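> with the input below, show me the fold.
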Amino acid sequence: SYSYGGGLSSVVYPRNFKYTLGKHAEQFVGYDQHDSQELATYLLDALHEDTNRITKKPYIEKPEQKDDESDDIAAEKAWELHTKRDDSRVMESFMGQVKSR
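So this is what the prediction gives:
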């Protein structure tokens, strides 16, 4: 097929994409309705796992925030521990932290 850039490009038909996705993720088999956030989360997680630079994941205990510890310091410590197990371009671009009240 032809692309606007002047070269050849391949085409991915939605039916083929859905079939291939269903082979790897059983929850997408069939014609049940799924929202786009579910699909995006699954695809980003799969890409992250496939490109994670950490190959041997150490066991990490997740400490609780101390009473005298600021939110900023606690968040910094938590992120540092998180990156000891997970480090990918997907994580750099799409992951972050939130604080519940």
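> low pLDDT regions in the protein?
Within the chain, the segments meeting pLDDT under 70 span 1-7.
> ok, which stretches of it are helices?
Using DSSP state H, the helices of the chain run over residues 14-24, 36-51, 71-82, 89-94.
> quick one: the first one to helix 36-51, angle?
Inter-element angle recorded for helix 14-24 and helix 36-51: 60 degrees (by axes from the mean of the first three to the mean of the last three Cα atoms, to 10 degrees).
> find the centremost residue of the chain, please.
What sits nearest the mean C-alpha location of the chain, by Cα atoms, centre = their mean, is residue 45, with 2.9 Å.
> rewinding a little: is it possible to export the helices of the chain to TSV including distance to residue 57?
All C-beta atoms are positioned from the backbone trio N, CA, C, and that covers glycine. Below are those laid out as TSV (distance: least, Cβ to Cβ, whole Å):
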stretch	distance to residue 57
helix 14-24	22
helix 36-51	11
helix 71-82	11
helix 89-94	13
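> nearest to residue 101, out of those?
helix 71-82 (11.0 Å; Cβ to Cβ).
> can you pull the buried residues of that closest one?
residue 74 (16 or more other Cβ atoms under 10 Å).
> contacts for stretch 77-95, please.
By Cβ atoms under 8 Å, 6 or more residues apart in numbering, the residues outside stretch 77-95 that reach it are 44, 47-48, 51-54, 57-58, 60, 62-63, 97.
> go again with 10 Å.
Stretch 77-95 is contacted by residues 40-41, 43-54, 56-63, 65-66, 69, 96-97 when judged by Cβ atoms under 10 Å, 6 or more residues apart in numbering.
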